[in-house]
Structures are given as C-alpha cells and as structure tokens.
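*Asks:* here is the input, now give the coordinates:
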Amino acid sequence: MSKVAIITGAASGFGLGLSKELASRGWVVFATDRDSAAVEATKSFGAIPRRADVTIPSDLSAVVQEAIADYGSVDLMVANAGYGNFSSVEETTAEEVRRIFEVNFFGVENSIRSVLPQMRKQRSGRIIITTSVVAHVTLVGLGWYSATKQALKAVANALRQETKWLGIDVCTVEPGTSKTGFGSVAFELLDSGRAVGDYDRVMTGLNKWLGGLYRISPGPDKVVKKMLKAATSPRPRAHYPASWDVRAFKIAFYLLPKSWLDAVVLWLAKR
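*Replies:* Okay, here's the model as predicted:
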C-alpha cells in the first residue's frame with residue numbers, strides 16, 4: 001500500500017520539489033497551498049492538489065480527514081509553508097510581527113495538531129518541519145523571522161521526545177540561502193518596510209551582502225534532497241542542515257564570542 005503524505009506550501013520551492021520526488025516514488029501526495037491556482041499544477045506529476053491555508057485549522061483538518069477516508073492513514077506531514085520578512089525589529093509593524101508568527105509558527109502548530117490524533121491512533125507517522133539556519137543564528141534584519149524559526153526548533157525538540165515511544169518521528173530540515181520565491185518576497189518586504197533612517201547603515205548593508213549571497217546561492221534541489229532523506233530514512237536524524245552555509249553559520253554562532261560575531265556582522269553591513 002502506498003504511503004500518504006501531506007505537504008504544506010507545496011505550490012513552489014521546497015514543497016513543490018518534495019511533492020514531485022515523493023509522487024515519483026509511488027507516494028500518495030496531498031499537495032496543499034493557499035494559492036489554489038498554483039497548487040493545481042501539481043496534478044501534472046500525480047499529486048492531489050488541495051487549497052489549504054495553514055492559518056485556518058479547518059482547512060488542514062479537511063485534508064487530513066480526506067486522506068484517512070480515502071487511504072486509511074497519514075504517514076507524513078511536512079509543515080513547510082512559511083515566508084521571510086527581512087526588516088529591523090523596530091521597523092517591522094506589530095501587524096507584520098503577528099502575521100509572520102501566524103503563518104510561520106502557528107501555521108506549523110495547526111499542521112501538527114491536524115495529524116497527531118491519527119498518527120497516535122495508528123502508532124506510526126513522521127512530521128518534518130522546515131526551519132532554517134536562522135533557527136540557530138540571529139542576524140541584523142532577521143530578528144522576527146529568526147524568532148519564528150527558533151520557536152519551531154524548540155517545539156520540534158520537545159515533540160520528538162514526547163512522541164518517539166508512540167512510533168512517531170519528528171525532525172527538522174534547515175535550509176540556508178536558496179534561490180526560491182522566498183527571497184523575492186523577503187527582499188520586497190525589506191525594500192517596502194523602511195521607515196526609520198537611523199537604521200539605514202545596517203539595513204542597506206544587509207540588503208547588499210545578503211542579496212549578493214542569494215544571487216550566488218543554488219536552487220532548491222539540495223534542500224529537497226535533505227527533505228527526501230528526512231521523509232524516507234528508516235531512522236531519521238533530529239535535524240538536517242541542508243547546505244554548507246548552514247553548518248558554517250552554526251559553528252560561528254555557537255563557538256565565537258558574541259562580541260566577535262557582532263563585529264563580523266556589522267563589518268559585513270558596512271561593506
């Protein structure tokens with residue numbers, strides 16, 4: 001019998017890539033996204049497209065119930081939907097802060113809650129959460145976005161321990177810089193969200209060096225391969241750093257004195 005996966009944010013980027021990979025391996029893939037027109041295209045490779053907004057619990061519950069009714073189980077939930085917001089802490093409005101938490105954090109909460117009752121019942125299942133290198137590293141302009149990903153890392157660590165004995169695996173995949181639609185959204189918000197001139201020095205520098213890093217970064221394929229490994233390994237690891245920059249940033253963040261790290265970041269911002 002085919003395994004059943006539900007993937008959020010499946011109309012583009014990592015979610016789209018993983019949907020293709022799993023479908024090609026015979027999985028039943030419910031590809032979900034709030035963009036109903038874009039996700040409809042996943043039919044072309046055999047996925048089952050469904051419009052679902054992760055901020056609306058009933059949308060996710062409907063997909064889960066359909067999967068159970070038609071196939072009898074849910075073997076994998078990939079909580080992947082999210083977006084970036086590159087902005088200084090003060091320049092990010094209260095409404096924008098709430099919105100990014102609503103999608104990036106509470107959207108994952110809704111995804112987890114939608115599948116746990118069934119996975120507990122069947123005593124099996126796997127949950128993959130897309131975090132980021134910034135689940136470990138907080139840099140200028142990434143404060144609120146990093147906060148959502150660090151909160152997810154904390155939840156994933158606890159949930160992994162709580163559900164292991166129930167036959168449910170929990171792991172995270174940590175992308176670094178990758179050329180997907182994520183970058184264009186994040187940089188557009190950076191450009192449109194400037195309001196306080198006192199931050200020009202660091203925010204202009206962020207736009208320059210981080211934008212340069214995105215321009216030379218690879219596409220989503222490496223991250224998708226890590227996600228596939230997390231989905232199919234008999235004994236998945238807790239965390240899957242997806243590229244060299246994730247490992248490098250993690251080493252720098254955990255080993256360097258914070259005064260040194262701050263100096264490097266501010267030096268990059270001045271370049």
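*Asks:* from now on I want contacts and neighbour counts done on CA atoms only, so please keep to that.
*Replies:* Will do.
*Asks:* where along the stretch 101-250 of the chain do the strands fall?
*Replies:* Assigned by DSSP state E, counting those that start in this stretch, the stretch 101-250 of the chain shows strands spanning 125-130, 168-174, 239-241.
*Asks:* of the ones you listed, which approaches Ala10 most closely?
*Replies:* Set against Ala10 and scored by Cα to Cα, the strands of the stretch 101-250 of the chain come closest in strand 125-130, at 12.2 Å.
*Asks:* would you turn the strands of the stretch 101-250 of the chain into TSV with mean pLDDT and mean neighbour count?
*Replies:* Shown next, in TSV, are the strands of the stretch 101-250 of the chain (pLDDT from 0 to 100; neighbours: other Cα atoms under 10 Å):
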stretch	mean pLDDT	mean neighbour count
strand 125-130	98	25
strand 168-174	97	25
strand 239-241	93	20
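*Asks:* can you redo the ones you listed as JSON lines with distance to Met1?
*Replies:* Shown next, in JSON lines, are the strands of the stretch 101-250 of the chain (distance: least, Cα to Cα, whole Å):
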{"stretch": "strand 125-130", "distance to Met1": "15"}
{"stretch": "strand 168-174", "distance to Met1": "19"}
{"stretch": "strand 239-241", "distance to Met1": "28"}
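*Asks:* do you know which of those lies nearest Thr232?
*Replies:* strand 125-130 (9.5 Å).
*Asks:* partner strands of the closest one, with direction?
*Replies:* strand 76-79 (parallel), strand 168-174 (parallel) (DSSP bridges).
*Asks:* which one of those strands lies nearest to Gly17?
*Replies:* Judging the strands paired with strand 125-130 by Cα to Cα, what sits closest to Gly17 is strand 76-79, at 12.2 Å.
*Asks:* which residues does that closest one contact?
*Replies:* 4-9, 108, 111-112, 115, 125-130, 231 (Cα atoms under 8 Å, 6 or more residues apart in numbering).
*Asks:* try stretch 47-54
*Replies:* 8, 19-20, 23, 28-36, 39-43, 59-60, 63, 81, 103, 107-108, 110-111.
*Asks:* which among the residues you listed end up buried?
*Replies:* If you count burial by 16 or more other Cα atoms under 10 Å, the buried members of the contacts of stretch 47-54 come out as 8, 19-20, 23, 28-35, 39-42, 59-60, 63, 81, 103, 107-108, 110-111.
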